[in-house]
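In: Sequence plus the predicted model coming up.
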Amino acid sequence: MDIIRIRDKAGFAAHRGAIEMLFTECFGDRLSADVWEWAYLTNPNGAGVASLCYDGERLVGHYAAIPVRLKSDARAVNAYQSMTTMVSADYRKEGLFVKLATDTYAQARELGIDCVLGFPNAMSTPGFRNKLNWTLPEPDYVATLSKSELLLAADHFRRGPEQWRLDLDDAANREWRLSKPGAACVWDDGLAYKRHGDNIDVLAFDDPAQFERLPEAAGISILVPATVDALRSHLAFEYQFGGIGICSAFDPAQVQRQMGISDVF
């Protein structure tokens, strides 16, 4: 078996067909070509980094991360986001998950990447924690509230100046992030949200005072820190976050988690 490293958009494009086939094999559904191209080929923050495993001409393993533009009040953060991890069913006892992830992190170190972060699902969380040494705090959760309930809870969503947040002040990043295929996103001077039917997902905000500008909706969904128990009666589902330091230490508490970071798949 051969490990192929990818660090540029041309490399991702060259392996696109094989990646689509492996995705269908692993998930029983076709990969959205538009979303994949959006995430890997039109990302203005640069190229992703990946390790692919081929057995002959067949792609049997895939681990990749794409650049995500984060910043604190003081500095930009060179962060990457872990994307869909895939291993063919015939090769799941070969240790490919760990091998490909470790190789990707080695590339990330060579490239000076600060950290790799992500939102692993329940099936993959044990592997990220026990085999890749990710730091995974208690899961956050998505709560669905009325606008009046969200306004009353606004103080739970304040961030510290040193916390990292999604950088939508950068025009190129904002235009890209809010143009995800199939999503109806709205930007309102520091506040970003996505409409779906009669509901709204809050993607990003600079200050919870901006919630006043949200339109009325049947339900407003927002990612809530695990430390906030007051909104658990409105819990829709849990959302695990975590990451690993590459060239810098990684502390999950340093990241203001918002749907705008997670909603790239």
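Out: Perfect, thanks for sending it. None of the values given here were measured: they were computed from a predicted structure.
In: The nearest residue to Thr42 once chain neighbours are set aside: neighbour count?
Out: For Thr42, the nearest residue in space outside its immediate sequence neighbours is Trp176; the separation is 6.4 Å by CB to CB, 6 or more residues apart in numbering. Yep, even glycine has a C-beta here, placed from its N, CA and C like the rest. Close neighbours of Trp176, defined as other CB atoms under 10 Å, add up to 17.
In: Toward the C-terminus, what is the element adjacent to the lengthiest helix in the chain?
Out: Secondary structure of the chain per DSSP state H: the longest helix is helix 96-110. Moving toward the C-terminus from helix 96-110, the first helix or strand encountered (DSSP states H and E) is strand 115-118.
In: Could you report the pLDDT at the residue lying farthest from the centre of the chain?
Out: In the chain, the greatest distance from the average C-alpha position (CA atoms, centre = their mean) is reached by Gly56, at 31.1 Å. Here the pLDDT value assigned to Gly56 is 95.
In: picking up where we left off before, separation between the residue nearest to Thr42 and Val116?
Out: 20 Å (CB to CB, to the nearest Å).
In: Show me where the stretch 101-250 of the chain has its strands.
Out: Ranges of strands within the stretch 101-250 of the chain are 115-118, 140-145, 165-166, 184-188, 191-196, 199-205, 219-224, 235-239, 242-245, based on DSSP state E, counting those that start in this stretch.
In: Mean pLDDT for the ones you listed - can I get that in CSV?
Out: Formatted as CSV, the strands of the stretch 101-250 of the chain follow (pLDDT from 0 to 100):
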stretch, mean pLDDT
strand 115-118, 97
strand 140-145, 97
strand 165-166, 94
strand 184-188, 95
strand 191-196, 94
strand 199-205, 96
strand 219-224, 97
strand 235-239, 95
strand 242-245, 98
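In: Redo the ones you listed as TSV? Include mean neighbour count and distance to Phe211.
Out: Written out in TSV, the entries for the strands of the stretch 101-250 of the chain read as follows (neighbours: other CB atoms under 10 Å; distance: least, CB to CB, whole Å):
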stretch	mean neighbour count	distance to Phe211
strand 115-118	25	25
strand 140-145	21	10
strand 165-166	24	16
strand 184-188	14	11
strand 191-196	20	8
strand 199-205	23	7
strand 219-224	23	8
strand 235-239	13	18
strand 242-245	21	27
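In: Distance to Ala50 added to those strands, as a markdown table?
Out: Listed next are the strands of the stretch 101-250 of the chain as a markdown table, based on distance: least, CB to CB, whole Å:
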| stretch | distance to Ala50 |
| --- | --- |
| strand 115-118 | 12 |
| strand 140-145 | 27 |
| strand 165-166 | 22 |
| strand 184-188 | 26 |
| strand 191-196 | 27 |
| strand 199-205 | 26 |
| strand 219-224 | 27 |
| strand 235-239 | 24 |
| strand 242-245 | 16 |
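In: one step back: isn't the residue nearest to Thr42 up against Gly46?
Out: No. Under the criterion of CB atoms under 8 Å, Trp176 lies out of contact with Gly46, with a separation of 11.5 Å.
In: just so I know, which of the strands of the stretch 101-250 of the chain lies nearest Ser88?
Out: Closest to Ser88 of these, according to CB to CB: strand 115-118, at 21.3 Å.
In: Quickly run through the sheet partners of the closest one, with directions.
Out: Each strand that strand 115-118 pairs with, and the sense of that pairing, follows from DSSP bridges: strand 76-82 (parallel), strand 242-245 (antiparallel).
In: What is the longest helix of the chain packed up against?
Out: For helix 96-110, the helices and strands in contact under the criterion 3 or more CB pairs under 8 Å, 6 or more residues apart in numbering; DSSP states H and E are strand 2-6, strand 49-55, strand 58-71, strand 86-87, strand 115-118.
In: Extract the C-alpha trace of it and format it as CSV.
Out: Extracted in CSV, the C-alpha atoms of helix 96-110 (Å, rounded to 0.1, in the frame of the first residue of the first chain):
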residue,chain,number,x,y,z
LEU,A,96,-5.0,3.2,8.7
PHE,A,97,-7.0,5.7,10.7
VAL,A,98,-4.0,6.4,13.0
LYS,A,99,-1.4,6.0,10.3
LEU,A,100,-3.0,8.6,8.0
ALA,A,101,-3.9,11.0,10.7
THR,A,102,-0.4,10.9,12.2
ASP,A,103,1.1,11.4,8.7
THR,A,104,-1.2,14.4,8.1
TYR,A,105,-0.1,15.9,11.5
ALA,A,106,3.5,15.4,10.5
GLN,A,107,2.9,17.4,7.4
ALA,A,108,1.0,20.0,9.4
ARG,A,109,4.1,20.4,11.6
GLU,A,110,6.3,20.9,8.6
